[in-house]
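Engineer: Okay, structure incoming, though there's no sequence with it:
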């Protein structure tokens, strides 16, 4: 079936503008994750959604970052008042529940959105 | 807290050479361990995984064994190809299976 899709693939914005990045997880996957990949910091976890539970926001770097997941499927990551240090590739991943404890299974990644803040 | 340390690259090899990329981890409990690969211009792909001690993950000729006694998950391949040139990431997830914690990545370059 279809994999994780993300849009846009590239986004160039000016410092101070808000941006929205979209993620469509694999159908049937209840867990959704956002990560950021940048040259200086490697791959960093941002936020995690699981079903209707409150999201784990422990990785969000500042209150300019927020994310929501509507209807348990599509997710939008919003960055307000973008800064140059926000330039990175934003990756979305999804997984299904598995095992005796219904723990999230292997994460499958989308192609990412490359954000450039001028 | 949990962390992953992998050898820094770049690693440069000739075709058919033996590959080892070292990965060690720090974690409480019994994490799952993964190797992801990122080919040039492409997204992250799962290469292999192991979910408990002594498990061996394997795929495309690559192997890694989950060694709890040495907290390691080294990636090996007996004979690399030019097409294996990519960035390799070691990662772990804790028992709750939430966020993946990644190593910094190792760039492999294979020449013919």
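Structural biologist: Done, it's in. Model, not experiment: these values are computed from the prediction.
Engineer: where does chain A have its least confident helix or strand?
Structural biologist: strand A:103-104 (a mean of 60; mean pLDDT, DSSP states H and E).
Engineer: which bits of chain A sit near chain B?
Structural biologist: Neighbours of chain B within chain A, by C-beta under 8 Å from any C-beta of the partner chain: A:31, A:33, A:35, A:42-43, A:45, A:48, A:50, A:56, A:58-59, A:91, A:93, A:95, A:103-112. Where you see a C-beta, it was placed from the backbone N, CA and C, and this is true even at glycine.
Engineer: Mark which of these are buried, thanks.
Structural biologist: Buried by 16 or more other C-beta atoms under 10 Å in any protein chain shown: A:31, A:33, A:35, A:43, A:45, A:48, A:50, A:56, A:59, A:91, A:93, A:95, A:103-112, out of these.
Engineer: After the least confident helix or strand of chain A, which helix or strand is next? Please name it.
Structural biologist: strand A:108-109 (DSSP states H and E).
Engineer: Return the list of helices and strands in contact with that next one.
Structural biologist: Judged by 3 or more C-beta pairs under 8 Å, 6 or more residues apart in numbering or on different chains; DSSP states H and E, the packing partners of strand A:108-109 are strand A:88-95, strand B:44-50.
Engineer: redo that, cut-off 10 Å
Structural biologist: Applying 3 or more C-beta pairs under 10 Å, 6 or more residues apart in numbering or on different chains; DSSP states H and E, one finds that strand A:108-109 contacts strand A:31-38, strand A:88-95, strand B:44-50.
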